[in-house]
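A.B. asks: predicted coordinates and the sequence they were generated for:
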Amino acid sequence: MAQQSPTPIPQQPKRVHRSGRVAAPARPAPAKPKRPGPIKRFFYGLARRVYFGAKTVSRIVLLLPILVFMVWVSYTVDRSGLFQGELAPRRIVDLMLQGYDVTNFESMDERQVVQLYAQDVPETPQVIGIGSSRVLQFNRDLVGVDSFFNMGVTGADVRDNMTSYYKMVTYDKAPEVLIWSVDPWVFYGNEAAYDYRADAELYNEFLTKVLGVPTDYEEPDKVELWKALVEPAYFQGNVDYYVKNRGQDVVTDDDGNTIEFNPVSGDPYDQTTTIKRSDGSVLYDTAFRNQTQEQILSLAAAESTTFNSVHMEGFDAMSDTQIKAFEAFIDYAHSQGTTVILVLSPWHPFLYNYLLNETDLHKGFFQVEPWLRQYCAEHNVPLYGSYDPECIEGLEEMDFFDGLHCKDTGIKKFFPGVPAVLQAVETNTLPDPLAVTPRTSLPTAEETAEGDAAAENADGATEENAA
Amino acid sequence: MTITSLLYLGFFAAVALVHYALPRVVRPYFLLAANYAFYCYDVSNRPLALVLAGATLLTWVCGLVIGKSRSKVLRVVFLLLAIAGGVGILLYYKYWNLLADAVAGVTGITPYHLDLITPLGLSYFTFAALSYSIDVFKKRCKVEPNLLHYAMFVSFFPTMITGPIERYPHLRPQIKKPRRFSYTRCAGGAFRILWGYTKKMVIADNISLYTSFVYTTPDTMNGPNLLAASILFALQLYMDFSGCCDIALGVARILGYDLIENFNSPFESTSFSEFWTKWHISMTGWFRDYIYFPLGGSRCCMPRRLMNVVIVFLVSGLWHGADWRYLMWGLACGVLCAFGRLTAGVRKKIWKYNPLYWADWCRVLIQRIFVFLLFVATLVFFASALYNADPYGVYAGIFQGWQGGIAPAWDSVRTLLHDSGIDGRLPVVLTCASAIVLAAESQGRNVARWIRAQNFALRWTLYYAAAAALLFFGAFGQSAFIYQQF
């Protein structure tokens, strides 16, 4: 059998007619694509745009982490305090919120601390206190409530008082109770009554937005402010600041100045400098707290002669405008569901007596308390204390630090604590404000004689009763 | 609206969004409106928009007559009218005071100075408009019957601030038939923008901290610092200008337009003439086509040819500003170019006797360094004009203060770098970034195209790296682009 070749035998090639004697069948002309109708084209265009739009957006989303990181750094570091307040007050508030008392009270910008506290406090305090340094001795123990923050600031004028509370309201943190230590200059409608440190802009905002009083207040451009969050230059500044201060013992502010606000170490009552307590009250240094009666008296005597210089220069009469503002503020607080307790912190007996000797120079001052008592009586507003130390039973000279500031021992003698006040409000057993009559002038000789006779009669009656 | 502002990016993003949402036929008209909105954003520019519109209208009408007319005389007359209009605007707004001084110098009368605000992008839009008229006359370009299309070309906002100087034959087909949206094109354009911003804000603006520091008080600087500042100024100028062009090209690319590339690795040139074919290509190309060639170009005797080169560079110097220092810069470049051409043959012949040139890489390296240093030497005039310094004082100062050798000189430069704000990690960042940019763009490589060819992970890593470099090391709020003022 013959072996088959592995290579297939090639077949005869087929003849291909290239010369075209036999014409190849004509190819059909390619059909011209039919142009779709306008509706179809419209939807096609729309679908195309949606598809590519979605694709582009999805890629842009991939870049978002950069933006988020940038915003996060700028917001959290915030070296210029655009969003979280300045660095030093922020540190103070952070420490206070952590429950620390803070050193270096004299260097604090108290107003910024208060405003920042309002912003940062996570839970609304049940009670807040407002007023000048004369309210700063109100603390948790005296108030009788743990959830208390003292928003008083040194030298507070009416603007400080009102804006402190307003700030809480703007953050939707209106307290249940507001203790307002009303200073007489609250009713003085003159530039002299104003403290240069007060936030005039914020007060104008309060007047315009809340009380409807026209001022030159202009709504700040928040867009401009928030633009800083995506401002690369601000981001870089924050990165620089963070890198510089990371892990450092001494923290510096934006200008490189050291921020020296630290937690109080040791017993707060043994400090050689004044400290800010975590509840906002102030604890003076031991030397100031432990002065002798003579030392206190000499301070009061010195302050007697300069009494008007504390926001009351030329205070001849209560201002109608300020009265209206006061009334409007009380109404505003009530409208926020806040119970307002007014407190009149007493002046040192020597100082008050001194003022009684020159009533002509303090006409405005002596009008305030009677008016307030009348107002509280008419509006059923709790009122405790009196400017006149004689009106507070058992108050002694040793209950003062100086002519202006009453110690906690003194406050205890006229303020029963918030729970007791609230109960009195509920049971309608508030003390009658008009039951107390502060001295607004020195008694005449006849009045003195009548007073003595009355006293004798009273003593006689007492003896008879006792027999 | 500065090109480095968020506002510019926001404006561009809004324009791009609306642009692609519209039907293609309408897009050029929308862009025209956007161009004029961009132009008029700055209040001081608003009245000057009339200058832009006037130049556009004049050159369009002239182009129409030139293109349609069969009478040569009429064609020439209208060409001259277009040129007179374009050059007249340029002279009036940019060179009036210089001319007044010159006339006063000759006649002795008190110069009559005008306090004029120069229209934004004056040098760019007048050159673009002039090129159209001349191209129509030379029949290199069809006449444009649609005024709005032409107006869109003249006022195209990405090129308005720092160019490149576009030509109508290049842009016309793109205006006539706008491209469809292409994701790849847009992504490439976006990266080009990012690349441009990185060059400008990370490298150029940070270097400018030092160069401006030195050049604003050159009398108090020693030789090492003046030399270092001059060298760094060359790098700054490149990063600044090419960065801006990258942004312009990226923006235009996203909008569907390809513009002329303005740079092609100029620092890799091995001769000074070659350098000028790779630096500011759109401008040198414009001068070549509309000044050098009409003067006779290379088709004339050697002295005339060299003279033509010098004239072109003189005009180029003048284009940069009405300042004798720019003129001197142009003259220096022209003379160096002419000298290079004159000696090219001889130099090539003696190469073989130079042992350093035996290895090609060594020859190329030496030539590149030499060309770079020549460029640096001419830029002293340019930088002096920019910072209002005395260039001769700078030249003289460069050779002083070298006592003690290199080490104290380096210390002095390092100290001043630190004092000017280039401290911490910045010197390392600037060195690395410059090296990366120059390497990435080596041999005219298109970085945007290269990066698009990478896989997703690497590509996005690089995007993030560029964005991070920009964010952490960019000098924000420093300055406008150097070429913006021209």
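C.D. replies: Here it is on my side, so go on.
A.B. asks: pretty sure residue B:128 contacts residue B:154?
C.D. replies: Yes: using C-beta atoms under 8 Å, residue B:128 makes contact with residue B:154 at a distance of 5.6 Å. For glycine as for every other residue, the C-beta is placed from the backbone atoms N, C-alpha and C.
A.B. asks: looking at the two, which is more packed in?
C.D. replies: For residue B:128 versus residue B:154, the count of surrounding residues by other C-beta atoms under 10 Å in any protein chain shown is larger for residue B:128: 29 against 26.
A.B. asks: how about the more buried one, what does it touch?
C.D. replies: Residue B:128 makes contact with B:153-154, B:159, B:165-168, according to C-beta atoms under 8 Å, 6 or more residues apart in numbering or on different chains.
A.B. asks: and residue B:23, by the same measure?
C.D. replies: Residue B:23 makes contacts with residue A:45, as judged by C-beta under 8 Å, 6+ apart.
A.B. asks: what's the first helix or strand after the lowest-mean-pLDDT helix or strand in chain B?
C.D. replies: Comparing every helix and strand of chain B by mean pLDDT, DSSP states H and E singles out helix B:96-107 as the least confident one, with a mean of 78. Proceeding N to C from helix B:96-107, the next assigned helix or strand is helix B:122-137, under DSSP states H and E.
A.B. asks: which neighbouring elements make contact with whichever helix or strand comes after that following helix?
C.D. replies: Toward the C-terminal end, the helix or strand that comes next after helix B:122-137 (DSSP H and E) is helix B:147-154. Packing partners of helix B:147-154 (3 or more C-beta pairs under 8 Å, 6 or more residues apart in numbering or on different chains; DSSP states H and E): helix B:27-40, helix B:49-68, helix B:122-137, helix B:168-176.
A.B. asks: out of the ones you listed, which is the most enclosed?
C.D. replies: Relative to the other members of the helices and strands packed on helix B:147-154, helix B:122-137 carries the highest mean neighbour count by mean count of other C-beta atoms under 10 Å in any protein chain shown, namely a mean of 25.
A.B. asks: mind putting the helices and strands packed on helix B:147-154 into JSON lines with mean pLDDT?
C.D. replies: Supplementary listing: the helices and strands packed on helix B:147-154 in JSON lines, determined by pLDDT from 0 to 100:
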{"stretch": "helix B:27-40", "mean pLDDT": "93"}
{"stretch": "helix B:49-68", "mean pLDDT": "92"}
{"stretch": "helix B:122-137", "mean pLDDT": "90"}
{"stretch": "helix B:168-176", "mean pLDDT": "90"}
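A.B. asks: for the residue of the stretch 151-300 of chain B found nearest chain A, grab phi and psi.
C.D. replies: Proximity to chain A, evaluated over the stretch 151-300 of chain B using C-beta to the nearest C-beta, is greatest for residue B:181 at 5.2 Å. The main-chain torsion angles of residue B:181 are listed as degrees, to the nearest 10 and equal phi -60, psi 130.
A.B. asks: just give me the neighbour total for it.
C.D. replies: Neighbour count for residue B:181, taken as other C-beta under 10 Å: 21.
A.B. asks: do the same with residue A:225
C.D. replies: Neighbour count for residue A:225, taken as other C-beta under 10 Å: 11.
A.B. asks: excluding chain neighbours, give the residue nearest to it in space.
C.D. replies: The shortest distance from residue A:225 to any non-neighbouring residue, by C-beta to C-beta, 6 or more residues apart in numbering or on different chains, is to residue A:82 (6.2 Å).
A.B. asks: where does the chain dip in pLDDT?
C.D. replies: Using chain A here. Scanning chain A for pLDDT under 70 picks out the ranges A:1-25, A:247-257, A:259, A:444-467.
A.B. asks: my question was about chain B, not that one.
C.D. replies: Judged by pLDDT under 70, the stretches of chain B that qualify are B:477-486.
A.B. asks: residues of it that sit close to chain A?
C.D. replies: Taking C-beta under 8 Å from any C-beta of the partner chain as the criterion, chain B approaches chain A at residues B:6, B:20-21, B:23, B:181, B:183, B:186-187, B:460, B:463-464, B:467-468, B:470-472, B:474, B:476-477.
A.B. asks: how about a cut-off of 7 Å?
C.D. replies: B:20-21, B:181, B:183, B:186, B:460, B:467, B:471-472, B:474, B:476-477 (C-beta under 7 Å from any C-beta of the partner chain).
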